[in-house]
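S.K.: Pasted the sequence and its predicted model underneath.
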Amino acid sequence: MRLGVNVDHIATIREARKTNEPDPVYAAALAELAGADGITIHLRQDRRHIQERDLRLMREVVKTKLNLEMATSMEMVKLALKYKPDTCTLVPETEDEVTTTGGLDVVMSSDKIEEVAGNLNAANMEVSVFVDPDVDQVKACHRLGIKVIEINTGEYAENWNNSYCVLELDKIKKAVLYAKKLNIKILAGHGLTYQNVTAIAAMDAIEELNIGHSIIANSTFMGLSEAVRRMKELIEKALLPLSK
Ligand code: PXP
């Protein structure tokens, strides 16, 4: 299972002072050297963290895969077509949210998603759609010909240490199984931490986890390389067969 590291919050610190450090481009390079299999950035419409300059430089610097999280707006489609990240992940975006709050409603906004995905696919970019763990959403993606989904683990992550955890894991498992049957490539992410990642990483049909906040938060104490290495190790261990 691959680990995609989201470096947005390095830019959050930089933007707190509107200065030039810390640089998320350095973070991307360090994360790759520490074992990240991909780098994710979310160029938000309000530019609160990642800037266009970061996307431009990361397109040159990132040697693994660059995943751009983006709203389904024409402004973002134009930027994606200009810089050509390897993957574009379509996410919902609202002005007041602190972070992405849920998956895209593919059932309700299928026309928009089809149009945006069509434009990006035509330019040879992989399109992934961030969806809640809901079979109807997976079905709707399949109807649109979407080949990659990222399942939102946010609700599970919020409830991993209480009794809702089983319910949330079950929703994720059902969505994963359904997507697998439809031959959809499955990624997952949101809210994953060193404490809660194992149950998700143990689902071997998931090909990649995208993790940001927890890795960057812990990097302030242990350094980014160590924070990435520890997360990679937890993910790898989750898939090991139990020792005899
Ligand atoms: N996946 C998506 C689609 C996201 O929007 C985010 C947050 O930017 C993440 C994964 C990573 O979430 P977190 O920062 O909570 O690890």
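M.R.: Cool, got the structure.
S.K.: And the strands in the chain?
M.R.: Along the chain, counting by DSSP state E, strands occupy 2-6, 38-42, 66-70, 87-90, 126-131, 148-152, 185-189, 206-211.
S.K.: Save those strands as JSON lines, and put in mean pLDDT too.
M.R.: Formatted as JSON lines, these follow (pLDDT from 0 to 100):
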{"stretch": "strand 2-6", "mean pLDDT": "98"}
{"stretch": "strand 38-42", "mean pLDDT": "98"}
{"stretch": "strand 66-70", "mean pLDDT": "98"}
{"stretch": "strand 87-90", "mean pLDDT": "98"}
{"stretch": "strand 126-131", "mean pLDDT": "98"}
{"stretch": "strand 148-152", "mean pLDDT": "98"}
{"stretch": "strand 185-189", "mean pLDDT": "98"}
{"stretch": "strand 206-211", "mean pLDDT": "98"}
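S.K.: would TSV of those strands with mean neighbour count and distance to residue 58 be doable?
M.R.: For glycine as for every other residue, the C-beta is placed from the backbone atoms N, C-alpha and C. Below are the strands of the chain laid out as TSV (neighbours: other C-beta atoms under 10 Å; distance: least, C-beta to C-beta, whole Å):
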stretch	mean neighbour count	distance to residue 58
strand 2-6	24	12
strand 38-42	25	6
strand 66-70	25	6
strand 87-90	26	13
strand 126-131	24	16
strand 148-152	26	19
strand 185-189	23	18
strand 206-211	23	15
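S.K.: Tell me which of those lies nearest to residue 140.
M.R.: Of all the strands of the chain, it is strand 126-131 that lies closest to residue 140, at 8.3 Å by C-beta to C-beta.
S.K.: Spell out whether that closest one and the ligand are in contact.
M.R.: Yes - contact of strand 126-131 with the ligand (C-beta under 6 Å from any ligand atom) involves residue 130.
S.K.: any idea how far the ligand is from the most centrally placed residue in the chain?
M.R.: The C-alpha lying nearest the average C-alpha coordinate of the chain belongs to residue 210 (C-alpha atoms, centre = their mean; 4.0 Å). From residue 210 across to the ligand, the span is 4 Å (C-beta to the nearest ligand atom, to the nearest Å).
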